[in-house]
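Peer 1: Sequence first, then the predicted structure, then my questions.
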Amino acid sequence: MAKIKTVFTCQDCGYQTAKWLGKCPECNQWNSFSEEETFKPSKAAPKSILGRESKPKTINQVEHETVERYLTKIGEFDRVMGGGVTIGSLTLIGGEPGIGKSTLLMEVCGKLLNEYKDEKILYVSGEESESQVASRSKRLGVGNDGFYIYNETNWQKILEQVKILNPKFLVLDSIQTTHSNQVESAAGTLTQIREVTYELMNYAKAYNLTCFIVGHVTKEGQIAGPKVLEHMVDTVVYFEGDQLGQYRMLRVMKNRFGNTNEVGIFEMQETGLVEIKNPSQYFLEQSLPGSYGRSITCILEGSRSLFVEIQALVVENKFAVGRRTTQGLDTNRVALLVAVIDKYLGIPLSYNDIYVNVVGGMKLSTRENDLSVIASLLSSYYATAIDNETLFLGEVGLTGEVRSVPMMEMRLKEVAQMNYKRVITSKRAADDLKGKYKLNLIGITKACELKELLFK
């Protein structure tokens, strides 16, 4: 009898070795190797996805195909997906446990059944029983004869039921629990995930089956499994948010049928997820009259402009080392801006305890809010409030200069609609766009001009 050959595969990066290793030499992860049998591909020639032969064509010979979409009437979800759910597409949704991935897909299924009553949806759950899925659907108000629930983890049995029911939509929750009989390894391993996704992709493209795949995430926040999983699907969406909070953000990282980096914002309530059509009002809380240490800036999330409030607290240091605490901002970036204030504004700010917070739980990774952070720090230091109708837009460099930010016209258009009166930004941006909007654009060259402009 021939000896079964096995290989040890890293579940994080896919590195393979003949013997077990404690640490992966490729990605430096510990205890990430799993023993799997070597997968022998079929000797038969692979068939094309559509079951037909093709030959190369010139770019002028290729006919343009119109992408057909299904609208869910959930505005935030449709916008993130590029204008609706594309027929025959594969969408991968990842997120932390308990964040609401299954709830979101259940609501999407309910909306699709309401809009397209003659279609069928098969919801395959490998983690929850049929009664658990049914109780959630009833709680969310999803009830239709076209909605089928199937508790199964074997891919061959799932495919058999798909061929019998012939649904228009398929939800696979989750890809890590699904396994194929043709691969002799445990469910959730790299080989199983790759094989099941490949077979699902071939079937979906051949029969225009629209699929939603739920993916687990690692402790680093990345979708578990091989990176090729994200390359095979058409759309990759991350569902983010704090489990203890009420806000959820749907962020698209890859979309073959729409714009990337789009963001949809939802609020978790007892009845399910509710879309937030005007998120700026949630991130701009009503502050106390005359309160200081706060300023407002405008950030871009995809094609959407959001207004966020940055709060700062500067207090006298009673210990040897100044404390730095930030929420929603990079601590190193705040320390850099404090050093700029020390150097070019002549204020010994680094000797104080400094706390900076972004209201609403937003996480800012870009630099268009530098000017707003400095304004908040100065407002707290001088105990002087900044006018609520003033907004700050600008990046600050190490030499203290104020730089313009991208997509300035899109931001100023939203600023004017929100009835702000004054925008403090770089001198270059103010000169280029002066008089174009009903705004008082004040351009400054150096960050030190804020001191004279706001705190005379």
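Peer 2: Perfect, I can see it now.

Peer 1: Of all the residues in the longest strand that the chain contains, which ones are buried?
Peer 2: When the chain is parsed with DSSP state E, its longest strand is strand 304-316. Within strand 304-316, the residues that count as buried by 16 or more other CB atoms under 10 Å are R304, S305, L306, F307, V308, E309, I310, Q311, A312, L313, V314. All C-beta spots, glycine's among them, are computed from the backbone N, C-alpha and C.

Peer 1: possible to save these as CSV with distance to N154 and pLDDT?
Peer 2: Output for those, formatted as CSV (distance: CB to CB, whole Å; pLDDT from 0 to 100):
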residue, distance to N154, pLDDT
R304, 42, 76
S305, 47, 81
L306, 44, 84
F307, 50, 88
V308, 47, 89
E309, 51, 90
I310, 52, 93
Q311, 53, 93
A312, 56, 95
L313, 56, 95
V314, 61, 94
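
Peer 1: Low-confidence bits of the stretch 151-300 of the chain, can you list those?
Peer 2: The stretch 151-300 of the chain contains residues with pLDDT under 70 at 220-221, 225-226, 242-245, 261, 279-288.

Peer 1: Which parts of it are strands?
Peer 2: Per DSSP state E, counting those that start in this stretch, the stretch 151-300 of the chain carries strands over the ranges 169-173, 210-215, 235-241, 247-255, 263-269, 272-275, 294-301.

Peer 1: And the stretch 1-150 of the chain, by the same measure?
Peer 2: Assigned by DSSP E, counting those that start in this stretch, the stretch 1-150 of the chain shows strands spanning 6-10, 16-17, 33-37, 69-70, 85-86, 90-95, 121-125, 147-151.

Peer 1: Quick check: mean pLDDT of the second one?
Peer 2: Read it as strand 16-17. Rounded to a whole number, the mean pLDDT of strand 16-17 is 86.

Peer 1: counting contacts, what elements does it pack onto?
Peer 2: If you count contacts as 3 or more CB pairs under 8 Å, 6 or more residues apart in numbering; DSSP states H and E, strand 16-17 packs onto strand 6-10.

Peer 1: The strand it packs on pairs with which strands?
Peer 2: In the sheet, strand 6-10 lines up against strand 16-17 (antiparallel), strand 33-37 (antiparallel) (DSSP bridges).

Peer 1: between the buried residues of strand 304-316, which is closest to A430?
Peer 2: Within the set of these, S305 lies nearest A430; the separation is 18.3 Å, counting by CB to CB.

Peer 1: On the three-state scheme, the closest residue to the closest one other than its chain neighbours is what?
Peer 2: Computed as CB to CB, 6 or more residues apart in numbering, the closest residue to S305 that is not its neighbour in sequence is E414, at 3.9 Å. Here E414 is recorded as helix under DSSP: H, G, I helix; E, B strand; the rest coil.

Peer 1: what's the spacing between P97 and V308?
Peer 2: Between P97 and V308 the computed distance is 28 Å (CB to CB, to the nearest Å).

Peer 1: brain fart, E107
Peer 2: Taking CB to CB as the measure, E107 and V308 are separated by 27 Å.

Peer 1: remind me, longest helix of the protein?
Peer 2: helix 190-207 (DSSP state H).

Peer 1: Count the neighbours of the residue nearest to S305 for me.
Peer 2: Summarising burial for E414: neighbours were counted as other CB atoms under 10 Å, giving 16.

Peer 1: Among the buried residues of strand 304-316, give me the pair with the biggest separation.
Peer 2: In the buried residues of strand 304-316, the most distant members under the criterion CB to CB are R304 and V314, with 31.8 Å between them.

Peer 1: on that earlier part again, which stretch among the strands paired with strand 6-10 comes nearest A375?
Peer 2: strand 33-37 (51.3 Å).

Peer 1: Run the chain-centre distance for that closest one.
Peer 2: Between the mean C-alpha point of strand 33-37 and the mean C-alpha point of its chain there is a distance of 31 Å (CA atoms, centre = their mean, to the nearest Å).

Peer 1: For it, C-alpha coordinates in CSV please.
Peer 2: Written as CSV, here are the backbone C-alpha positions of strand 33-37 (Å, rounded to 0.1, in the frame of the first residue of the first chain):
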residue,chain,number,x,y,z
PHE,A,33,1.3,25.0,10.6
SER,A,34,-1.4,22.3,10.0
GLU,A,35,-0.8,18.9,8.6
GLU,A,36,-2.6,18.2,5.3
GLU,A,37,-2.5,15.5,2.7
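
Peer 1: For it, which residues meet the burial criterion?
Peer 2: For strand 33-37, the buried set under the neighbour-count rule, 16+ other CB under 10 Å, comprises F33, S34, E36.

Peer 1: With respect to pLDDT, which of the residues you listed ranks lowest?
Peer 2: Looking at pLDDT alone, those dip lowest at E36, where the score is 75.

Peer 1: Dig out what that one forms beta bridges with.
Peer 2: With DSSP bridges applied, E36 shows beta-bridge pairing to V7.

Peer 1: how does this protein divide into domains?
Peer 2: 6-37, 69-277, 281-454 (automatic domain parsing).

Peer 1: No further queries at this time; thank you.
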